[in-house]
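Visitor: here are the coordinates; sequence isn't available:
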């Protein structure tokens, strides 16, 4: 099969024309050579250090031994190698100590790590996003003290939003931040507060792998009446280091008032500890405000939006890992014969059975399609950051619209891919002697964290589709139309262009019907089916665009594989959208009308 | 909510009119009183002994300690209570020591146990099916020595079909059975053979919970040339006890030549050990043939067909357990508010959010629908066994057709229900502090064992649909039409009658198109999508039939719940069949055409 590197080379250079980015000023010092160097080293380190650590990370679950949280040695080694790879610096500006690489290259390099071990990769992803936020919104001193060492791989970052009583509903957090003395604004690290509260589901918040851990914490500051305000308005953002800093901005050995209150014992994704934290068991946790008071959520979404695409990537690559494992198995496992064969003839490899090919093709269509979407979104991030004004504005519009899809679609369908991988292996897939069951367990988290499936759906249909007077949808339709236009030039692709055009029209029409009056109760009652249909249409668009790009290599196995996966997606998957859109368009009230007592 | 008992009472007495069975001679001594007594005690024992044992069964996985396989004490206690419940005797004939209860009552009683712990329930299910086969096909001495003690709860049974190289392809087993001496036919326990080979995936094959374990083993006897024959023809069936019997037919302490070669470490379903067995490490395992030489597979399918419905029941009830757990959570968990509410108002219970109701309604529709189908099939077993000639023949025809659906549909969709249960609980559902993650892991097995999903699909489209010149399909269509006829009398049900009628027609038409020529390669390339569509149509039929039966209780919550679940299924689920049937009807060749090198 095509290796992941072949796949990435095709998607980056043939499809997304990433080399063209080097004509932009921001990336002018780069070339395919520097891109490839990062991909080479990432592929190697992921294979040598991450992949072998993945099983131990699952079996030797994080545990508290009275002193601290213990992780396997292989985890520490893998993360050190990751830090040394330079990936934590890849996308950041030169003057922050970064390599100023395009985000799409950064993401492609990270794909190797996410495939090798999605839960170990989460350490890097969180740390990167954390530093990214501080670089964008922190003061110079905050950037030096907290972002720079993260970029250098010396410390780790977390994001601390949820609380036991406030997961999806962040307006209900009760962690409170009070100014720390009258001179609280004079601390060189930023306005200093004392925080008290409980934070739940915080990944990577307790371990001894680096010099320090930087928590980005949402908390409420008091309003003019001295009391916390209701809703999201009073929420501010704070840097809360695990270890306090000395005057020079270096971590000391003194612990901040942040205590581990519990470890969550998870179904999967066990490589990274997930914690309940108590802030302020003693005199309050020292926290340095980032940005203005009340801006917490807005700033956090800076981090969250890219994190959501990263979740999509993690889901895609966990799916891809299962695809590769089940493909290898199907190529060697002998079982059964073609119908009508002599029973004394040798058994055939199971990859020769149509139903096994169906399960492999579905995995290929789901995982390669999801990877394509994530890279496409990463390319939009680069356009937003380094394109000219019009290009940047268009990219920003589209990226906002696609982010809930990039997060939700891989989480749902690459989980299904992992289930199919188990099915290909049969009983063996159900045992822990093969890796596919772990992939399935790991991937189940992705529909939950960083905004559940339902939250993504409300964001999509409730906000994104209607944002900017519908201009985001129009921008998307225009790009779909451009793809269709290109595909129509190839007679073998033309029928799919027709199908995609119609599907995009149906998605748009369903959204309009849903909002045919302002009663959001019925408009949003079917937000999830809408997101599923939109997602399938987006992936069909990706596949058609990819297939068109592959046409120039019509005699290669890669091309034939892409063509068959496209055919699979258009014949077997895209028709599913009709059932999902029906309930959206008719404002079906079944779910909204259901009453508690009737269950 | 309605308890499972309420649900069963409704399905058994209001819907399936099970009391009418007491007019049949076989069940003449029974009444609703004896049925209820069994349901009462089963509900109690399952609640008191099985449910509390389910977590330990998962956490304290079976392990080999050098002497034997160790299981938690709670498992031993639970199984003793099950044996004492009388359920192992429930359906068997009076003269075999049974209670001669209808199978549908037997199954309903087992539903409590499967819901409380599906993997512990498997011990009973296997033992029951094992005894059932021996009662049907064994000699008098075999029945006395091996079935009677099983019915009395003193020993356990297994089925040993698969081998490491032969799972789905049983014609490829290599375990060989040779006559044990010249007088091998004179053993009072039946023709005695010596067996040598390896058996894989054998559940419940090694433990010390009873007096003995009876393995039902498939092995090949030599053909006229003294060598094992190719394919399924030379396969015979043998009773291979774990401990050898004395002259009086009682278990001794001497082990037969059956050795534990390994325990499989599973993703879930850990309550029952799953083993690799070596037969014949010494002088060959003593085995007593059941039935004639070469009849092994045919006899085993006697056991397998009912076992497949039992698998469906296990999947349905594991789904149901998750539904109940997530419903309880949704009723108490506070999170978020209705759109537009004052952020300082209290948070609402999440069951008030439409998307949460959607996830609960889907679970209800999947799990109650699956349970209804399993009970419907069990009722057909009773008709086949105790109905008049025409009724029995009609039931047999229909049961053969529906068995692959009753096995596969719950396995696929009640697994999806378990995933939705996790989603309702969010992060909490992903932890091992709540039971839903275990249900999801446990349920994943059901698409694999007792014939994989793909095997069920080939059986359905390749054999069952075409069996008896299509009379099985005609019988099914007739029953669907009768349901539609009944539903049309209620104006609120009439639109669904229309939809169901059309869906059944589409299923039938797709099957005909698939077989429009005899090229089975293309006919069967889409057997799985066909099975999915057929399954959804069958469940829609169940729901409409149930809704029609519920009409007499139009003011009850149970009725309203059934009505809403029916509406959910017809609006959200049944429309999915179009996409599945499309590829079947057009004999889509995508999967068949895909080549290894293109992946």
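Guide: That came through, no problem. On a predicted model such as this, the values are computed, not experimentally measured, just so you know. Numbering: from 1, shown residues only, chains lettered A, B, ... in the order given.

Visitor: tell me, what residue is most central in chain A?
Guide: Residue closest to the mean C-alpha point of chain A, counted by Cα atoms, centre = their mean, is residue A:311 at 1.6 Å.

Visitor: How about the secondary structure of that residue?
Guide: State at residue A:311, reduced to three classes by DSSP: H, G, I helix; E, B strand; the rest coil: helix.

Visitor: wouldn't it be in contact with residue A:450 here?
Guide: Yes - taking contacts as Cβ atoms under 8 Å, residue A:311 lies within contact range of residue A:450: 4.9 Å. All C-beta spots, glycine's among them, are computed from the backbone N, C-alpha and C.

Visitor: So for the two, which residues contact both of them?
Guide: Counting by Cβ atoms under 8 Å, 6 or more residues apart in numbering or on different chains, the common neighbours of residue A:311 and residue A:450 are residue A:407.

Visitor: Which residue does the stretch 301-450 of chain A have closest to chain B?
Guide: residue A:343 (3.0 Å; Cβ to the nearest Cβ).

Visitor: correct me, but that residue touches residue B:170?
Guide: No - judged on Cβ under 8 Å, residue A:343 makes no contact with residue B:170 at a distance of 10.8 Å.

Visitor: If you count surrounding residues, which of the two has more?
Guide: residue B:170 (17 against 14; other Cβ atoms under 10 Å in any protein chain shown).

Visitor: Make sure the more buried one is actually in contact with residue B:237.
Guide: No - if you go by Cβ under 8 Å, residue B:170 and residue B:237 don't touch, sitting 11.8 Å apart.

Visitor: Need the residues touching each of these two.
Guide: Common neighbours of residue B:170 and residue B:237 (Cβ under 8 Å, 6+ apart) are residue B:218.

Visitor: Return the list of helices and strands in contact with the longest strand anywhere in chain A.
Guide: In chain A, assigned by DSSP state E, the strand with the most residues is strand A:192-203. If you count contacts as 3 or more Cβ pairs under 8 Å, 6 or more residues apart in numbering or on different chains; DSSP states H and E, strand A:192-203 packs onto strand A:156-160, strand A:176-179, strand A:213-220, strand A:235-241, strand A:274-279, strand A:285-290.

Visitor: what about the shortest one, average pLDDT?
Guide: Mean per-residue pLDDT for strand A:176-179: 97.

Visitor: list the helices and strands that strand packs on?
Guide: Packing contacts for strand A:176-179, counted by 3+ Cβ pairs under 8 Å, 6+ apart, involve strand A:192-203, strand A:213-220.

Visitor: what does the last one give?
Guide: Strand A:285-290 sits against helix A:118-137, strand A:192-203, strand A:213-220, strand A:235-241, with contacts defined as 3+ Cβ pairs under 8 Å, 6+ apart.

Visitor: can you list the ones you listed in JSON lines and add mean neighbour count and mean pLDDT?
Guide: As requested, those are exported to JSON lines (neighbours: other Cβ atoms under 10 Å in any protein chain shown; pLDDT from 0 to 100):
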{"stretch": "helix A:118-137", "mean neighbour count": "25", "mean pLDDT": "97"}
{"stretch": "strand A:192-203", "mean neighbour count": "23", "mean pLDDT": "98"}
{"stretch": "strand A:213-220", "mean neighbour count": "27", "mean pLDDT": "98"}
{"stretch": "strand A:235-241", "mean neighbour count": "26", "mean pLDDT": "98"}
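
Visitor: I'd like these written out as CSV, with distance to residue B:393 added.
Guide: Output for the helices and strands packed on strand A:285-290, formatted as CSV (distance: least, Cβ to Cβ, whole Å):
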stretch, distance to residue B:393
helix A:118-137, 55
strand A:192-203, 59
strand A:213-220, 69
strand A:235-241, 71
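
Visitor: So for residue B:399, which of those sits nearest?
Guide: helix A:118-137 (44.7 Å; Cβ to Cβ).

Visitor: close to chain B, is that closest one?
Guide: No - using Cβ under 8 Å from any Cβ of the partner chain, helix A:118-137 never reaches chain B; the gap is at least 12.4 Å.

Visitor: swap in stretch A:403-423?
Guide: Yes - applying Cβ under 8 Å from any Cβ, one finds stretch A:403-423 touching chain B at A:419, A:422, A:423.

Visitor: Give me the neighbour count for the last one.
Guide: Counted by other Cβ under 10 Å, the residues lying close to residue A:423 total 21.

Visitor: shouldn't it be in contact with residue A:362?
Guide: No - applying Cβ under 8 Å, one finds residue A:423 not in contact with residue A:362, separated by 10.2 Å.

Visitor: Tell me which residues touch the residue nearest to the centre of chain A, please.
Guide: A:407, A:410, A:411, A:446, A:449, A:450.

Visitor: Using CSV, lay out those residues together with distance to residue A:576 and secondary structure.
Guide: Output for the contacts of residue A:311, formatted as CSV (distance: Cβ to Cβ, whole Å; DSSP: H, G, I helix; E, B strand; the rest coil):
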residue, distance to residue A:576, secondary structure
A:407, 20, helix
A:410, 17, helix
A:411, 17, helix
A:446, 20, helix
A:449, 26, coil
A:450, 25, coil
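
Visitor: Stretch A:485-494 vs chain B: in contact?
Guide: No - figure legend: stretch A:485-494 not in contact with chain B (Cβ under 8 Å from any Cβ); closest approach 13.7 Å.

Visitor: quick one: that stretch to chain centroid distance?
Guide: Chain-centre distance of stretch A:485-494: 32 Å, with Cα atoms, centre = their mean, to the nearest Å.

Visitor: buried ones in that stretch?
Guide: Buried residues in stretch A:485-494, counted by 16 or more other Cβ atoms under 10 Å in any protein chain shown: A:486, A:487, A:488, A:493.

Visitor: what pairs with residue A:215 across the strands?
Guide: Note on residue A:215: beta-bridge partners by DSSP bridges are residue A:158, residue A:240.

Visitor: That one contacts residue A:205, doesn't it?
Guide: Yes - counting by Cβ under 8 Å, residue A:215 touches residue A:205, with 6.5 Å between them.

Visitor: what sits in contact with each of those two?
Guide: Shared contacts of residue A:215 and residue A:205, defined by Cβ under 8 Å, 6+ apart, comprise A:158, A:160, A:199, A:242, A:277.

Visitor: Can you say which of these are buried?
Guide: Neighbour-count burial (16+ other Cβ under 10 Å) applied to the shared contacts of residue A:215 and residue A:205 gives A:158, A:160, A:199, A:242, A:277.

Visitor: Out of these, which comes closest to residue A:352?
Guide: Using Cβ to Cβ, these come closest to residue A:352 at residue A:158, 48.3 Å.

Visitor: What pLDDT does the model give that closest one?
Guide: Looking at residue A:158, its pLDDT reads 97.

Visitor: same check, this time on residue A:1
Guide: Residue A:1 is given a pLDDT of 60.

Visitor: likewise the one 10 residues further on?
Guide: According to the predicted model, the pLDDT of residue A:11 comes to 98.

Visitor: For it, list the residues it contacts.
Guide: By Cβ under 8 Å, 6+ apart, the contact set of residue A:11 is A:108, A:371, A:372, A:375, A:546.

Visitor: Check which helix or strand the third one maps to.
Guide: It stands for residue A:372. helix A:354-386 (DSSP states H and E).

Visitor: Report all helices and strands that the one helix or strand in chain A whose mean pLDDT sits lowest contacts.
Guide: When each helix and strand of chain A is scored by mean pLDDT, DSSP states H and E, helix A:520-524 comes last, with a mean of 92. Contacts defined by 3+ Cβ pairs under 8 Å, 6+ apart place helix A:520-524 against helix A:494-514.

Visitor: What are the contacting residues of the helix it packs on?
Guide: By Cβ under 8 Å, 6+ apart, the surrounding residues in contact with helix A:494-514 are A:461, A:465, A:473, A:476-477, A:480-481, A:483-485, A:487-488, A:522-524, A:526, A:530, A:533-534, A:536-537, A:540-541, A:544, A:547, A:566, A:570, A:574, A:577-578, A:581, A:584-587.
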